[in-house]
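Visitor: Got a predicted model here, sequence first, then my questions.
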Amino acid sequence: HHQHERNQHAGDVTAFREAVRRVSLMADGRSHAIRLDIKAGQLNFSASTPDNGEALESIPIDFNGEETSIGFNSQYLLDSYNALGHQDLVTLSFKDGNSQVMLVPGAALANHSLAVIMPCRL
């Protein structure tokens, strides 16, 4: 598939949602910020606070672009995934760690309902 200037990764929705949910338990109570580190074949989720300690989860993904780190409000991320309904795969499409991210059902960009989520500062 064509990469153009957007990076895309496809990953298992259930694994993604569960990892976000577990890591978000350690996120700051106000910002709910978690960090996504995206690299070839792997997506790492992390969150840490002085009070709660640190959480780290990892899932395999289909990705071979440049390594990228993005911060998200975990609640927005979960809400967006839930809004996409029952999908086996969801593709995250983004330009870089500071740009908006599109969540698209399925393994490829298609004319389906999609969600757009803005990153937060880490």
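Guide: Arrived safely, thanks for sending. This is a predicted model, so every value here is computed, not measured.
Visitor: Next, name the residue at the spatial heart of the chain.
Guide: By Cα atoms, centre = their mean, the chain has its centre lying nearest to Leu36, at 6.1 Å.
Visitor: thinking it is in contact with Ser74, fair?
Guide: No. Leu36 lies out of contact with Ser74 (Cβ atoms under 8 Å); the separation is 10.0 Å. (Glycine included, C-beta is placed from N, CA and C.)
Visitor: does the residue nearest to the centre of the chain count as helix, strand or coil?
Guide: What DSSP: H, G, I helix; E, B strand; the rest coil gives for Leu36 is strand.
Visitor: Extract the CA atoms of stretch 55-65 and return them as CSV.
Guide: C-alpha atoms of stretch 55-65 as CSV (Å, rounded to 0.1, in the frame of the first residue of the first chain):
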residue,chain,number,x,y,z
ALA,A,55,2.7,0.9,33.5
LEU,A,56,3.9,-0.6,30.2
GLU,A,57,2.1,-2.7,27.7
SER,A,58,3.1,-3.9,24.2
ILE,A,59,1.1,-5.4,21.3
PRO,A,60,2.3,-6.5,17.8
ILE,A,61,1.2,-4.3,14.9
ASP,A,62,1.6,-4.0,11.2
PHE,A,63,3.9,-1.0,10.8
ASN,A,64,7.2,-0.2,9.1
GLY,A,65,7.4,3.6,9.1
